[in-house]
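> What follows is a protein structure lacking sequence information:
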């Protein structure tokens, strides 16, 4: 099944917008079918494709991430660096699935959930995303105020100027212009490399932190688990799924360019892991053996501690990198929200269109930025609760987002020959089980404050066993069909060139032509259970944050 060129909301594009698309892709046009055989041609194509994966990953190392990684480094040294290693495959598998969904379906993530699972879950996913993203954008502006304060810049002027840049950059009506601006901010994230060099943390400790998983002592287990879930939530956030799928569509990346987009994603993951580890290790080195160790306050305190340890230049580098991270985070999270709302409301929502052509899209984008900037400037706003709560809530909500992603990537009506292979399904099923495990440990630590480490380990062992059962069941179920299906990640070696070409040309039919998704009793029960899990987990998170804020 092939499809014509479509806008995000499904309407056919006119010739002017097709020209914009060619411009956005540089050397690639929507009717480009030439093979890329030389290394030069492949590199040029990769450079034209790079963007969605890099921006979504660098946007993930935002102001909230700086705070969370910095808190881990200040309070627990390099003991939690191992969490980055575990998150690498999670990042890749999740984002590979959404980029595949975007390239093949041509429909945004929110709209697919709405059409395939009904209005309730469609509305829930968007309302949930909207609230979480609105809070996240507030944390970006908190980061801007902290960085500006450390650098001696006026708070009000810094917030207003940042908001103006963020809004104006997206409202030019040119996808290429926006992406160039966003990529410039992505390049700014490389400032963390010289920061690491100036801080010179002990190489042995850093290596041990990566390869030797451990639970740091000296504190309540619930507090440590809250931080670990925060690291998961800030590194693998629900907004990423909505952003990358819509951005891939907006850039008009088709299935034949999926391998290049995967390379773009790998580059982005490398940048985010190096940056996150540099923050945690630099802060750990700066605060080791000082009075500040174990007494995290905010990102400005981290900059001051780094400056006292490694010099004023290092403190300034941290502050500028924080400012850059907050800006790119605000770009990405705001766009994710505007894309999703445009999906479900049926609005024109594309960076190829100017303000007059997509008023609703840009109004939502601008309103999110303006609202966050206003809240941050209100005296007495509980900014500390925003920063801590957002990352943990993202970690708790991630399992449900991953469930919908997994179901969509196994929907043959949507992906046809591009549906998941058995190994991808097995890995994702195990990830969902482990994410739920983290949430349940948090719930247990809140409900039973005196729970022991041994009991926590028993819970972890039980869920590890459950994850193993899920993996074995999925592999056994899919063993008879994987080779014939030729799904992503499991393509048979004997797949002919003609078969590959046919697969590259397959696109999802119009949503109105798809048969309704069958809802078995087991699926209904599973979704009801997911609703109960979300209600309990979110309640536990709110209670834990209030306890941390009040000191009880």
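The structure has been received and is ready for your questions. Computed from a predicted structure; not experimentally measured.

> I'd like the mean pLDDT over the helix ranked longest in the chain, please.
Assignment by DSSP state H gives helix 312-345 as the longest helix of the chain. Computed over helix 312-345, the mean pLDDT rounds to 93.

> likewise stretch 40-47?
88.

> And that stretch, what's buried?
Within stretch 40-47, the residues scored as buried using 16 or more other C-beta atoms under 10 Å are 45, 46. Heads up, the C-betas are built off the backbone N, CA and C, glycines and all.

> Just want the most central residue of this structure.
Closest residue to the average C-alpha location of the chain: residue 240 at 3.2 Å, with C-alpha atoms, centre = their mean.

> quick revisit: list the buried residues of the longest helix of the chain.
Buried residues in helix 312-345 (16+ other C-beta under 10 Å): 314-344.

> That helix: what's the following helix or strand?
helix 359-377 (DSSP states H and E).

> thinking again about what came up before, confirm that the residue nearest to the centre of the chain lies within a helix, as I assumed.
Yes: assessed by DSSP: H, G, I helix; E, B strand; the rest coil, residue 240 belongs to a helix.

> Would you mind measuring from it to residue 405?
To residue 405, residue 240 is 11 Å away according to C-beta to C-beta, to the nearest Å.

> Quickly list what's touching both of these two.
Jointly contacting residue 240 and residue 405 under the rule C-beta atoms under 8 Å, 6 or more residues apart in numbering are 94, 98.

> my guess is residue 306 meets residue 282, correct?
Yes: at 6.2 Å, residue 306 counts as touching residue 282 under the criterion of C-beta atoms under 8 Å.

> what is in contact with these two at once?
Common neighbours of residue 306 and residue 282 (C-beta under 8 Å, 6+ apart) are 195, 199, 314, 318.

> show me the contacts for residue 376.
138, 141, 142, 144, 145, 159, 383.

> Same list (those) but as CSV, adding neighbour count, secondary structure and distance to residue 451.
Converted to CSV, the contacts of residue 376 look like this (neighbours: other C-beta atoms under 10 Å; DSSP: H, G, I helix; E, B strand; the rest coil; distance: C-beta to C-beta, whole Å):
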residue, neighbour count, secondary structure, distance to residue 451
138, 25, helix, 32
141, 29, helix, 37
142, 26, helix, 32
144, 29, helix, 38
145, 25, helix, 37
159, 21, helix, 42
383, 18, helix, 31
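
> with those residues in mind, which one is nearest to residue 64?
residue 142 (8.5 Å; C-beta to C-beta).

> show me what contacts residue 241?
Contacts of residue 241 by C-beta under 8 Å, 6+ apart are 94, 95, 98, 109, 401, 405.

> Residue 339 versus that one, what's the distance?
Residue 241 is 11 Å from residue 339, by C-beta to C-beta.

> helices or strands next to the host helix or strand of residue 525 in the packing?
Element membership of residue 525, judged by DSSP H and E, is helix 521-550. Packing partners of helix 521-550 (3 or more C-beta pairs under 8 Å, 6 or more residues apart in numbering; DSSP states H and E): helix 221-235, helix 383-408, helix 422-447.

> these two touch, right, residue 283 and residue 69?
Yes: taking contacts as C-beta under 8 Å, residue 283 lies within contact range of residue 69: 7.4 Å.

> Next, count neighbours for the nearest residue to residue 436 once chain neighbours are set aside.
In space, residue 436 comes closest to residue 399 once its chain neighbours are excluded; the distance is 5.2 Å by C-beta to C-beta, 6 or more residues apart in numbering. With neighbours defined by other C-beta atoms under 10 Å, the count for residue 399 comes to 22.

> hang on, residue 399 packs against residue 434?
No: judged on C-beta under 8 Å, residue 399 makes no contact with residue 434 at a distance of 9.1 Å.

> Show me the shaky parts of the stretch 1-150 of the chain.
Scanning the stretch 1-150 of the chain for pLDDT under 70 picks out the ranges 1-37.

> List the buried residues for stretch 78-92?
Applying 16+ other C-beta under 10 Å to stretch 78-92 flags 78, 79, 80, 81, 82, 83, 84, 87, 90, 91, 92 as buried.

> Let me know the closest of these to residue 169.
Closest to residue 169 out of the buried residues of stretch 78-92 is residue 91 (25.6 Å), distances taken as C-beta to C-beta.

> For that closest one, identify the helix or strand it belongs to.
helix 82-105.

> how far does that helix sit from the chain's center?
With C-alpha atoms, centre = their mean, to the nearest Å as the basis, helix 82-105 stands 9 Å off its chain's centre.

> For the next helix or strand after that helix, enumerate the helices and strands it packs against.
Counting by DSSP H and E, the next helix or strand C-terminal to helix 82-105 is helix 109-117. If you count contacts as 3+ C-beta pairs under 8 Å, 6+ apart, helix 109-117 packs onto helix 82-105, helix 119-150, helix 238-250, helix 312-345, helix 383-408.

> any chance of the ones you listed in a markdown table, plus distance to residue 456?
Converted to a markdown table, those look like this (distance: least, C-beta to C-beta, whole Å):
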| stretch | distance to residue 456 |
| --- | --- |
| helix 82-105 | 16 |
| helix 119-150 | 27 |
| helix 238-250 | 26 |
| helix 312-345 | 32 |
| helix 383-408 | 17 |
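
> Of the ones you listed, give the one that comes closest to residue 509.
helix 82-105 (9.6 Å).

> the inter-axis angle of the closest one versus helix 422-447?
Helix 82-105 runs at 130 degrees relative to helix 422-447, counting by axes from the mean of the first three to the mean of the last three C-alpha atoms, to 10 degrees.

> Just the angle for helix 82-105 relative to helix 238-250, thanks.
Using the same axes, to 10 degrees: helix 82-105 against helix 238-250 is 30 degrees.

> start at 153 instead
Renumbered: residue one is now 153, and that last one reads helix 234-257.

> now the helix or strand where residue 424 lies, how far from the chain's geometric center?
Assigned by DSSP H and E, residue 424 belongs to helix 410-439. Distance of helix 410-439 from its chain centroid, counting by C-alpha atoms, centre = their mean, is 13 Å.

> Check the model's average confidence along it for me.
Helix 410-439 comes out with an average pLDDT of 94.

> Quick one: list the elements packing against that helix.
Checked by 3+ C-beta pairs under 8 Å, 6+ apart, helix 410-439 has helix 191-201, helix 204-210, helix 215-228, helix 234-257, helix 344-351, helix 355-363, helix 451-462 packed alongside it.

> Please tell me how far residue 414 sits from residue 247.
Applying C-beta to C-beta, the value for residue 414 to residue 247 is 9 Å.
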